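Participant: A structural model of the following input is requested.
(one chain, ligands or ions: 1)
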Amino acid sequence: MGIKSFFQSLFKPRDHGAQSLFSPNGRLELFFNLDNGKPFYSVKKDGKDMVKKSFLGFDFTNLAPIKSGLKVIRTHRKSFDETWTMLVGEQEKVRNNYNELAIYLSESEGLRRIMTLRFRVFDDGFAFRYEFPMQDAGVDEKKHSCEWIISDELTEFNIDINSETWSIPAYQPDRYEYLYEKKPIFELEKFRHTPFTIKTPTGHYLAIHEAALYDYGSMTLGLNENKKLQSDITPLSDGSRAHIKLPFNTPWRTVLVAHSATELLKSRMMYNLNDKPHKDFNWVKPIKFLGIWWAMFVGEFSWATGDRHGATTEHALEYIDYCVRLGISGLLIEGWNKGWDGTWIDNGDLFDFTTPTDDFDIKKITDYARSQNVEIIGHHETAGAVKNYEKQLPKALDYYKEFGIDYIKLGYVGSRMNARSYHDTHGEFHHSQFGVRHYQKIVELAAERKICLDIHEPIKGTGIERTFPNLLTREGARGQEYEGGGITPEHFVTLPFTRGLAGGFDMTPGLFDLTNFMRLTTSTLARQLAFYVCIWHGGLPMIADRPEQYLEYQDGFQVIKPAFKFLQDVPVNFSRTIPLLGEIGEFFVTARQDRDSKNWFIGGLTDQQPRKFSLFLDFLDSDTEYEATVYGDEEFAHYRDNPYGFKISSQKVKKGDYLPIFMASGGGVAISLKV
Ligand code: NOJ
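Facilitator: Next up, the predicted model:
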């Protein structure tokens with residue numbers, strides 16, 4: 001080679017061809033290559049196909065697609081390993097260990113746009129995202145900006161179509177609040193939300209989801225014309241999927257790869273793909289709370305003013321006293337402001353977030369709460385009328401803050417944001433880029449004011465609570481509000497393996513009134529206790545029933561029911577979580593250790609099948625004797641016929657012992673193991 005061609009070869013983009021990237025333990029292998037300029041990846045575990053050849057790309061409204069004609073300019077590899085502390089969570093110390101491969105791509109012709117594909121392979125799964133650096137294509141000189149309008153993201157997940165899947169339909173009026181359906185991939189018709197959980201014919205468990213969803217539509221999945229699973233980004237009302245301003249990184253597309261259903265639950269990959277907090281959040285305090293709330297669901301109180309108005313000064317003071325009596329530190333009060341009278345779900349524009357109803361003396365209530373060491377959890381129901389709500393921000397937050405309210409539950413009831421009524425389909429999907437931007441705005445405004453949030457009708461969790469720990473919890477699934485017809489015993493044994501992979505869930509557990517004719521539940525009493533261990537609540541668990549349900553008369557005196565002791569004891573923050581047993585939709589047993597003591601807690605749930613297990617207590621601390629109190633179903637308990645068939649027993653246990661448990665049909669078990 002002459003000297004000239006030698007120097008030319010140095011500057012000529014080299015085709016790096018096929019690239020492999022292994023997980024730190026070497027068992028997961030991601031392969032990347034170009035097929036005639038079209039980028040694709042595939043993944044194997046222990047040499048077996050998990051994801052076969054899957055293409056990647058984009059269609060744009062204002063530019064040509066990026067999906068072919070690409071070449072590799074450069075690649076870059078790195079390895080990462082650190083352990084960080086989760087402020088509030090299922091686990092205190094989290095290891096973030098991965099190998100990374102960045103593929104710098106460029107179009108060979110035409111606009112010569114550039115795009116980076118960044119892959120990370122962990123021991124428990126893999127993730128990748130698209131990065132668009134600042135460049136000439138699409139630049140608007142006048143606006144000094146560069147906007148690309150995405151009409152489709154073409155990310156394939158080519159997984160064996162005979163695999164079984166568990167998911168909920170996307171683009172439905174009630175957002176994420178559906179029962180999970182089990183179907184093989186080839187039978188999927190409608191688009192599905194993520195987390196999307198899969199069992200392959202090889203017996204592996206996968207879950208497709210996303211991490212760090214910012215300023216972009218959320219990803220749903222459907223089958224493309226080649227019968228492969230492909231992303232379908234929630235559209236905006238203009239039909240596009242997202243307007244992105246360069247430089248821009250998409251959320252991470254994530255796939256967990258596990259050898260069992262319970263193994264899926266051990267992954268913290270979603271959080272690892274989010275940034276650490278940019279400022280101090282040590283003020284965030286997880287707590288339990290009661291509510292002027294379930295009384296509305298069973299018809300005793302109403303949100304609207306009038307005879308049955310729940311949020312009156314008198315009820316609020318009475319409920320604060322219940323908090324003190326029951327030892328619960330927070331109280332949610334819904335229906336306190338103007339706007340609830342009439343059909344509020346169709347009239348979100350009427351909500352006023354700084355004017356209490358005439359019978360609600362906010363100063364007196366918050367002064368009394370403070371004197372009793374009770375935190376008030378405020379409530380902003382928007383009925384999806386985001387325009388009306390944003391007009392009142394940040395004043396609405398400052399108003400609460402003025403009265404010392406540091407927690408707010410938000411609501412976005414409605415099938416679209418900014419629609420004219422619940423069923424009007426002209427607004428924006430909650431899960432679109434529009435919704436994602438709004439939820440982010442409120443999380444940041446709340447963080448600036450040291451306010452913690454519980455968001456109902458939210459955007460799904462993608463781990464941003466690592467960066468914004470004030471986002472304690474959210475709904476985003478069918479919770480106990482649907483008891484009374486909308487829940488099956490299978491539902492809450494499916495959730496840990498599906499929605500549970502997206503972080504904390506305010507499922508409103510703790511119902512003791514199980515046979516109320518307005519809300520007949522699908523649960524035994526022991527199961528209501530088990531929910532506090534089995535379903536990660538995000539650090540803000542509700543004790544959902546009317547407080548008087550936790551009391552009973554004994555010898556003429558009103559006392560706290562014995563079962564309530566478990567709700568007092570169960571922690572709000574954990575140092576370790578060990579899923580013990582589980583099959584999706586059938587049963588689930590998990591153990592968690594308290595963040596503030598050495599105590600352990602175990603929760604178990606079953607479907608309609610009664611089950612017995614012998615739990616191997618090998619995870620307990622050595623040389624320690626525990627007092628195990630078992631809150632369990634009686635032999636003849638049954639979620640329909642005998643939901644109160646309940647018993648409490650105690651015994652001493654230590655590491656290495658076996659503990660027998662029994663769960664009745666629609667039942668469960670809750671165990672405290674105290675040092
Ligand atoms: C729906 C929420 O999920 C529920 O918890 C709340 O009480 C109502 N909206 C009213 O805001």
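Participant: Every contact and neighbour count from this point should use C-alpha atoms.
Facilitator: Noted.
Participant: Could you list the domains of the protein?
Facilitator: With domains defined by automatic domain parsing, the chain comprises 3-272, 477-505+514-537+545-675.
Participant: quick one: secondary structure of residue 270?
Facilitator: Here residue 270 is helix, with the state taken from DSSP: H, G, I helix; E, B strand; the rest coil.
Participant: Which pLDDT does the model give it?
Facilitator: Residue 270 carries a pLDDT value of 98.
Participant: wait, what's in contact with it?
Facilitator: 210-212, 254, 462-463, 502 (Cα atoms under 8 Å, 6 or more residues apart in numbering).
Participant: please redo it, this time with the cut-off set to 10 Å
Facilitator: 125, 127, 209-212, 252-256, 461-464, 466, 501-503 (Cα atoms under 10 Å, 6 or more residues apart in numbering).
Participant: Among those residues, name the ones in strands.
Facilitator: Those of the contacts of residue 270 mapping onto strands are 125, 127, 209-211, 252-256, per DSSP state E.
Participant: circling back to that earlier point, of the contacts of residue 270, grab the buried ones for ChimeraX.
Facilitator: ChimeraX command restricting the contacts of residue 270 to the buried ones, with burial defined by 16 or more other Cα atoms under 10 Å:
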select :125,127,209,210,211,212,252,253,254,255,256,461,462,463,464,466,501,502,503
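Participant: In TSV, list the domains of the chain along with distance to residue 407.
Facilitator: TSV is the format used below for these (distance: least, Cα to Cα, whole Å):
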stretch	distance to residue 407
domain 3-272	15
domain 477-505+514-537+545-675	15
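Participant: who wins for proximity to residue 300 among those domains?
Facilitator: domain 477-505+514-537+545-675 (9.7 Å; Cα to Cα).
Participant: filter the contacts of residue 270 by proximity to the ligand?
Facilitator: Among those, no residue sits close to the ligand (Cα under 6 Å from any ligand atom).
Participant: For the stretch 351-500 of the chain, what lies in contact range of the ligand?
Facilitator: Counting by Cα under 6 Å from any ligand atom, the stretch 351-500 of the chain comes close to the ligand at 381, 411, 413, 456.
Participant: Let me see the contact set for the last one.
Facilitator: Okay, so that is residue 456. 381, 409-413, 473-477, 505-506.
Participant: now swap in residue 294 and tell me
Facilitator: 300-302, 481, 508, 511, 519, 543-547.
Participant: If you rank the residues you listed by neighbours, which is first?
Facilitator: residue 543 (26 neighbours; other Cα atoms under 10 Å).
Participant: Could you tell me the model confidence score at the closest residue to residue 616 other than its chain neighbours?
Facilitator: Computed as Cα to Cα, 6 or more residues apart in numbering, the closest residue to residue 616 that is not its neighbour in sequence is residue 658, at 4.7 Å. pLDDT recorded at residue 658 is 98.
Participant: tally of neighbours for residue 658?
Facilitator: There are 14 residues near residue 658, going by other Cα under 10 Å.
Participant: and if you look at the one 5 residues further on?
Facilitator: As a burial measure, the neighbour count of residue 663 was computed by other Cα under 10 Å and equals 29.
Participant: can you check residue 157 too?
Facilitator: Other residues near residue 157 come to 25 when the count uses other Cα under 10 Å.
Participant: partner residues bridging it?
Facilitator: Taking DSSP bridges, one obtains residue 229 as the residues bridged to residue 157.
Participant: How about residue 581?
Facilitator: Using DSSP bridges, the bridge partners assigned to residue 581 are residue 589.
Participant: ok, now which ones touch it?
Facilitator: Counting by Cα under 10 Å, 6+ apart, residue 581 has contacts 260-263, 587-591, 604, 613, 615.
Participant: Roughly how far does it sit from residue 507?
Facilitator: With the distance defined as Cα to Cα, to the nearest Å, residue 581 ends up 21 Å from residue 507.
Participant: Distance check, the closest residue to residue 653 other than its chain neighbours against residue 657.
Facilitator: The shortest distance from residue 653 to any residue other than its chain neighbours is 5.3 Å, reached at residue 626 (Cα to Cα, 6+ apart). To residue 657, residue 626 is 11 Å away according to Cα to Cα.
Participant: Who has more neighbours out of the two?
Facilitator: residue 626 (20 against 14).
Participant: quick revisit: tell me which entries of the contacts of residue 456 lie within helices.
Facilitator: Within those, membership in helices is found for no residue, as judged by DSSP state H.
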